[in-house]
Each structure stands twice: as structure tokens, then as C-alpha cells.
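Participant: got a structure for you, letters missing:
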């Protein structure tokens with residue numbers, strides 16, 4: 001696993017996709033009001049998507065932390081058992 005300092009490729013791709021979509025909407029043959037409404041709807045969908053992904057990532061992180069805690073507890077217990085066997 002590499003540790004990079006900067007945006008991931010997917011982040012850059014999604015940002016470019018969003019910027020491209022906004023530019024396309026601005027040059028589309030629609031009235032200003034229609035374009036603003038469309039941009040507003042797309043922005044709302046994007047916000048909802050990001051919120052959902054954030055919740056999903058948080059859930060995965062919490063699950064990973066819990067799994068790590070369980071593994072650590074198991075290792076501590078095994079260590080105690082080994083020490084008990086060695087001293088008896």
C-alpha cells in the first residue's frame with residue numbers, strides 16, 4: 001500500500017467530470033434559469049452522493065477498528081496463556 005500526498009486518481013477524475021459537466025451546461029442551448037436549475041439539481045445529487053460515500057467510508061473504518069481491537073485482544077490472551085504455561 002503506498003502513501004501518497006495528494007489527491008487520488010479517482011478524486012481528480014471526479015473533479016474533472018464535475019467541472020466538465022458544469023462547462024457543458026453553461027454552453028448548452030438553454031435559458032439561464034433552466035441552466036441554473038439544472039446545475040442546482042446536479043449539485044444536490046453530488047452532495048447526496050458525497051454524504052452517502054462519507055457514511056459508507058465511516059462505517060468501513062469503524063468495522064476495521066473493531067476488527068483490529070478484537071485481533072489485539074486475542075493476541076493479548078494468547079500471550080497471557082503462553083506466559084502462564086511457561087511459568088508453570
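Facilitator: Received the coordinates, thanks. Because the structure is a prediction, the values reported are computed rather than measured. Numbering: from 1, shown residues only.
Participant: Okay, helices next: where are they in this structure?
Facilitator: All helices of the chain, identified by DSSP state H, fall at 9-26, 32-87.
Participant: Mind giving me the packing neighbours of the shortest one?
Facilitator: Which is helix 9-26. helix 32-87 (3 or more Cβ pairs under 8 Å, 6 or more residues apart in numbering; DSSP states H and E). C-beta: built from backbone N, CA, C; applies to glycine.
Participant: by how many degrees do the helix it packs on and helix 9-26 diverge?
Facilitator: 170 degrees (axes from the mean of the first three to the mean of the last three Cα atoms, to 10 degrees).
Participant: Isn't residue 35 up against residue 24?
Facilitator: No - with contact defined as Cβ atoms under 8 Å, residue 35 does not reach residue 24; the gap is 10.3 Å.
Participant: and these two? which has more neighbours close in?
Facilitator: Under the neighbour definition other Cβ atoms under 10 Å, residue 35 and residue 24 were set side by side, and residue 35 has more, 16 against 9.
Participant: And that one, what's its pLDDT?
Facilitator: In the prediction, the pLDDT value recorded for residue 35 is 76.
Participant: pLDDT weak spots in the chain?
Facilitator: For the chain, applying pLDDT under 70 flags the ranges 1-6.
Participant: Try it again at 80.
Facilitator: The chain contains residues with pLDDT under 80 at 1-7, 24-32, 35, 88.
Participant: residue nearest the centroid of it?
Facilitator: In the chain, the centroid-proximal residue (Cα atoms, centre = their mean) is residue 57; its distance is 4.5 Å.
Participant: Quick check: the gap between that one and residue 18.
Facilitator: Relative to residue 18, residue 57 is positioned 19 Å away (Cβ to Cβ, to the nearest Å).
Participant: what's the answer for residue 78, then?
Facilitator: 50 Å.
Participant: ok, the two, which is more surrounded?
Facilitator: The neighbour comparison of residue 78 against residue 18 (other Cβ under 10 Å) goes to residue 18, with 13 against 10.
Participant: isn't that one right next to residue 49, touching?
Facilitator: No - with contact defined as Cβ under 8 Å, residue 18 does not reach residue 49; the gap is 10.6 Å.
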